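Chemist: Give me the fold of what follows.
(2 chains)
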Amino acid sequence: MGRLSLRELCGFRSGDKADIANVALLADDAEVYQVIVAEVTTERVKAHFGSMVTGRVDRYEAPNVLALNFVLHGALGGGGPRSLRSDSLGKALGGALVRLEIDVPDALVTRRRPRPDVAWADAILRDASPRLGH
Amino acid sequence: MGRAPPARSRLAPTRRAGRVAGVRVAGGQGFYGDTPRAVEALLAEGVDYLCLEALAELTLAILQKDRQRDEARGFTRDLPAYLAAALPAVAAGRTKVITNAGGINPTGAARAAVGVARELGITGITIATVLGDDLTGRIDELRDATASGLSHLDTRAPFAELPGTPRFASAYLGARPICDALAAGADIVITGRVADAALFLAPAAYEHGWAWDDWDRLAAGILVGHLLECSGQVAGGNYSGDWWALPHPWDLPYPIAEVEADGTAVITKPASSGGRVSFDTVRHQLLYEVHDPRRYLAPDVVADFTSATFTDLGDDRVRVEGVRGAPATPSYKMLLAHPAGWAGEARAAFSWPDAHEKAKATAALLVKRVEMAGLAVDEWHFEYWGVDALGGPTARGATGASGASGRSEGEQCEPPEVALRAAWRCPDERTAALVGRELVPFTLSAPMPGFTGMGRGGARATELLGIWPTLVERALVDPHVRVHLEEVT
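Modeler: You can find the predicted model right below:
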């Protein structure tokens, strides 16, 4: 047994409907899916988001794509056109969810998702700088 | 009406031998703000239908404000640019266009479409307009006639609690009026608030002649539509996997679905675009803005997204099959918007050391100065960029080697710089604008060192709109749905 952030185990995507946001948590494989079904409960998720989510949290399972779907009520400061938040559409809530740490079996403790390599971006920016007069 | 041959025979030239067995539907737009430059690559690939999805909840609110300023507006202003890119293929009989860009003024949008065709010297095409989704003039009648009483779908609040006068009220129509328009010979179908996914179900249902109680096929069409409605999001956009490794990411990917008669579909993209279509990119989109995936409520069917099987065929092709559906509910979703006050916002940035403390103190000073000025603020919202503006409570206390901060528990990370974004809601426009003015003198006279302005933004107030989703029986809406046809001569 060990602790690991969901970041190392799952993909994610979040979005909005009025003042309700949803976050899909996408397990990297069937083994991870079993773990998140057991560990990532509605109570854990509700506590994790704290004051960001004023209403209840529902959870749905989509085993065909190894995913859990969390529906967060009262998560967007009143909903897109009404909200004062920068993230009025819940785009960042997926990343926020995968900061959650859970207990994982030993076999998963060493899992790490790859980190970004943006050498191509450096190259573009290097080329752009002279034209911008820097 | 000088009609071209029936649609089915038109499909043949776009097919590449041995590869495609179904109707090819493209997602050329995913929101108001997407790029019309997407159209070229899709048309070069050969698509039978170019579907342009232009409406989010937020969009109707934007269009409503537009129409308030000018009665001729109320449709998305980039529609002419999309049509200018697509019309040559439409005129040549290779492609038809289906779009909900009509917003809250489909008639105005059709007028603009005719104008674009004339400018390009294109005649002989038929433009259809779907009307009947706009229920703004029927609110009193529907409050009494509906089982919901127009109560709030999520909070259950009764309609009497809706603040102010609704600015618009629209029902989410389904695919049927679009199919009617296609059957009547339309080359371009412009609608108002049709459900996003229904734009894509329509061509599949029409071309394959699906019955309106063939729930599994309708569900398959809706699932495909759901995958395509957010344009690049199914093909490597907004992707939490190895996003940095997607090929030539500056060529944004726009998706294509090949939908067969039995509802089986392949999701793919033009080879010339960047992005990727894989099992992982497709499942990212499957649950986007979905609540219960076993009961995805569409106007024409209830689809079970968990029944679908996805097979990664390689070469940017993913097969979707086995989708199950259930009968549609007796209601359409309906969306109202009501005035919700006025908002303003301002930003300031602070450098190390003590950047977070400086930002918090500035927020507090702003509150105090606004009070002293006698300005009424109904709601304050402060964000500390570089600290927790996006993550809120989840951004604090991450621990362990894999935690986002990479620090051990209890250790605080002092941010090198922090930006404050203050936002506020006021009862009226003038007050909302005046509040921002109170921050400006801080530049020289607030106590913290290094108060830094951000960019050249001015203090302009914007109106907030509350979204009020509810239900309306389809029997109260359908008799008012009309398809208007106009041939460009």
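
Chemist: all contacts plus neighbour counts: C-alpha atoms, from now on.
Modeler: Fine.

Chemist: quick one: low-confidence ranges for chain A?
Modeler: Along chain A, segments meeting pLDDT under 70 span A:131-134.

Chemist: Show me where it has its strands.
Modeler: Per DSSP state E, chain A carries strands over the ranges A:2-5, A:10-17, A:20-27, A:57-62, A:67-73, A:101-104.

Chemist: what comes into contact with the one helix or strand residue B:112 maps to?
Modeler: Taking DSSP states H and E as the definition, residue B:112 sits inside helix B:106-119. For helix B:106-119, the surrounding residues in contact (C-alpha atoms under 8 Å, 6 or more residues apart in numbering or on different chains) are B:72-76, B:79-80, B:83-84, B:87, B:101-102, B:123, B:127-131, B:190-192, B:488.

Chemist: from those, which would you call buried?
Modeler: Burial by neighbour count, judged by 16 or more other C-alpha atoms under 10 Å in any protein chain shown, picks out B:73-76, B:79-80, B:83-84, B:87, B:101-102, B:127-131, B:190-192, B:488 from the contacts of helix B:106-119.

Chemist: Mind checking which of those residues land in helices?
Modeler: The helices, defined by DSSP state H, take in B:79-80, B:83-84, B:87 from the buried ones among the contacts of helix B:106-119.

Chemist: So which of the residues you listed reach chain A?
Modeler: The subset of these within reach of chain A, by C-alpha under 8 Å from any C-alpha of the partner chain, is empty.

Chemist: Kindly indicate which of those lies nearest chain A.
Modeler: Distances from chain A to those, taken as C-alpha to the nearest C-alpha, are shortest for residue B:79 (22.2 Å).

Chemist: you'd agree that closest one is up against residue B:101?
Modeler: Yes. With the criterion set as C-alpha atoms under 8 Å, residue B:79 and residue B:101 qualify as a contacting pair; they are 6.6 Å apart.

Chemist: top strand in chain B by residue count?
Modeler: Ordering each strand of chain B by length in residues (DSSP E) puts strand B:331-351 first.

Chemist: averaged over its residues, what pLDDT does that one have?
Modeler: Strand B:331-351 shows a mean pLDDT of 96 in the predicted model.

Chemist: and the angle for the next helix or strand after it with strand B:331-351?
Modeler: Beyond strand B:331-351 on the C-terminal side, the first helix or strand identified by DSSP H and E is helix B:355-372. Calculated by axes from the mean of the first three to the mean of the last three C-alpha atoms, to 10 degrees, helix B:355-372 forms an angle of 110 degrees with strand B:331-351.

Chemist: Which neighbouring elements make contact with helix B:355-372?
Modeler: The criterion is 3 or more C-alpha pairs under 8 Å, 6 or more residues apart in numbering or on different chains; DSSP states H and E, and the helices and strands that helix B:355-372 contacts are strand B:331-351, strand B:379-385, strand B:417-426.

Chemist: got the contact list for the residue positioned nearest the centre of chain A?
Modeler: Centroid-nearest residue in chain A: residue A:94, 2.4 Å away (criterion: C-alpha atoms, centre = their mean). With contacts taken as C-alpha under 8 Å, 6+ apart, residue A:94 has the following neighbours: A:12-14, A:23-25.

Chemist: now do 10 Å
Modeler: For residue A:94, the contacting residues are A:7, A:11-15, A:21-25, A:70, B:240, B:391, by C-alpha atoms under 10 Å, 6 or more residues apart in numbering or on different chains.

Chemist: Out of those residues, which is nearest to residue A:101?
Modeler: Of all the contacts of residue A:94, the one with the least separation from residue A:101 (C-alpha to C-alpha) is residue A:7, at 8.6 Å.

Chemist: Which residues of the stretch 151-300 of chain B lie near chain A?
Modeler: The stretch 151-300 of chain B has residues B:154-155, B:233, B:238-245, B:248, B:279-280, B:282-294 near chain A, with proximity defined as C-alpha under 10 Å from any C-alpha of the partner chain.

Chemist: Could you list which of those belong to helices?
Modeler: Short answer: those in helices (DSSP H) are B:279-280, B:282-286.

Chemist: Residue B:180: neighbour count?
Modeler: Counted with other C-alpha atoms under 10 Å in any protein chain shown, the neighbours of residue B:180 add up to 17.

Chemist: Identify the residue nearest it in space, chain neighbours excluded?
Modeler: In space, residue B:180 comes closest to residue B:483 once its chain neighbours are excluded; the distance is 7.5 Å by C-alpha to C-alpha, 6 or more residues apart in numbering or on different chains.

Chemist: does that neighbour count as helix, strand or coil?
Modeler: The local conformation at residue B:483, judged by DSSP: H, G, I helix; E, B strand; the rest coil, is strand.

Chemist: so it touches residue B:181, yeah?
Modeler: Yes. Contact status for residue B:483 versus residue B:181: in contact at 6.3 Å, counting by C-alpha atoms under 10 Å.
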